[in-house]
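Chemist: the following block contains a protein sequence and its predicted model.
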Amino acid sequence: QRKNVPLILATYLLRKASRDLTIIMMKTTFAILGIISTAIAFVHPSTVSTLHKKSDFRIQMTARKAGQEQHQPLVLPGGFAQDHELAHVRETVQNLERAFSEALGAGDSESALAISKELTGYQHRDPLAYYNSLCRQEKIAHQTADDQAELTLLDQKRIVKHFLPGYRLGGLWVCRSGPLQGQIIEVSYENDVLIATRIYTKEIVPTNTVIFRAIVSPDHPQPKPIEVADVEDPRLAKLECFEGEGGLMSTQAKEDEFLPGRLVIVGDLFAFAIIPLEVQIFFRRCPAETVERIEYLEKCRRSLGSSFAL
């Protein structure tokens, strides 16, 4: 029973939020992979403009921060936080941003500079914060016609974004609920689109049916994260959502049968919700032994195919 606790909790959390989401989505006309809601944004300390502080001090801090960004090296991939650590890093960033704003409001430049330095270190551990930093630098390079810097920053963005949670779901997953319960899907990517494909039927017959897809690009406006109170796992306090479409209720889904949906990352699981039908289907990673068996099955199938071809 203890093994089912995360799944039960995740199901409760997503169902709790889906009613409000359904009301919103049913009032809109869905365009395939269209734009909805607002982007998940990172509020950079230098953008704080509502605080009552001396204008010259604000200009100095903004210039200092911009200079740091223009000369910062690309963080090595191993330096990015993931899973539980990423949730802790983002919580720390929020606390430091609050302290930074308070120091600015009080005119305490010494404390503000110290907090800013610590804040920058934590931001470099968050791939989304770092990606947004690169976007700001790219915008400056474009405005100043610095073509070489702009190309370099574009390359860095391509590297960094693949360490975002939405890009780390590739591989084999098993369905835990709904019409596909117990069946295996493969998650792959085409540029910034996550594609889930059912690879076997219930009779273990190979198939190649796309059952849902979602845009995971940080540049695409996404639904607001689902915020959940009173949870011990920090990853469940704010669930990232991605706009998509799916045909999960049909065993032979066609593209014109797809309905508006939403991909939600729930800790070690992820779910796909079909909004109009109020259906949520959860997936978990296939165990290593299952992956090995599938690979062996595919090897045997290819071997048989080659034999018959001869």
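Modeler: In hand now; what should we look at? Numbers count the residues shown, from 1 in each chain.
Chemist: only C-alpha atoms for contact and neighbour calcs from this point on.
Modeler: Fine.
Chemist: quick one: the strands in the stretch 101-250 of the chain, in order.
Modeler: For the stretch 101-250 of the chain, strands defined by DSSP state E, counting those that start in this stretch occupy the ranges 171-175, 184-190, 193-200, 206-215, 226-227, 238-239, 241-246.
Chemist: residue 269 touches residue 263, doesn't it?
Modeler: No - contact criterion Cα atoms under 8 Å: residue 269 and residue 263 do not qualify, at 10.9 Å.
Chemist: from residue 100, how far off is residue 106?
Modeler: Applying Cα to Cα, to the nearest Å, the value for residue 106 to residue 100 is 10 Å.
Chemist: just residue 124 next, same as before
Modeler: 17 Å.
Chemist: looking at residue 106 and residue 100 now, which is surrounded by more residues?
Modeler: residue 100 (24 against 15; other Cα atoms under 10 Å).
Chemist: against residue 118, how distant is the more buried one?
Modeler: In terms of Cα to Cα, residue 100 sits 10 Å off from residue 118.
Chemist: let me know the pLDDT of residue 60.
Modeler: At residue 60, the model reports a pLDDT of 39.
Chemist: and what of the one 3 residues further on?
Modeler: Reported pLDDT at residue 63 in the predicted model: 40.
Chemist: what do you get for residue 104?
Modeler: For residue 104, pLDDT reads 90.
Chemist: doesn't residue 112 make contact with it?
Modeler: Yes - contact criterion Cα under 8 Å: residue 104 and residue 112 qualify, at 6.2 Å.
Chemist: before we move on, back to that, let me have the strands of the stretch 101-250 of the chain in a markdown table, extended by mean pLDDT and mean neighbour count.
Modeler: A markdown table is the format used below for the strands of the stretch 101-250 of the chain (pLDDT from 0 to 100; neighbours: other Cα atoms under 10 Å):
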| stretch | mean pLDDT | mean neighbour count |
| --- | --- | --- |
| strand 171-175 | 91 | 20 |
| strand 184-190 | 93 | 19 |
| strand 193-200 | 90 | 20 |
| strand 206-215 | 88 | 20 |
| strand 226-227 | 85 | 15 |
| strand 238-239 | 86 | 18 |
| strand 241-246 | 94 | 26 |
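Chemist: and of those strands, who's closest to residue 277?
Modeler: strand 241-246 (11.1 Å; Cα to Cα).
Chemist: which secondary structure elements does the following helix or strand past that closest one contact?
Modeler: Proceeding N to C from strand 241-246, the next assigned helix or strand is strand 259-266, under DSSP states H and E. With contacts taken as 3 or more Cα pairs under 8 Å, 6 or more residues apart in numbering; DSSP states H and E, strand 259-266 sits against strand 238-239, strand 241-246, strand 269-274.
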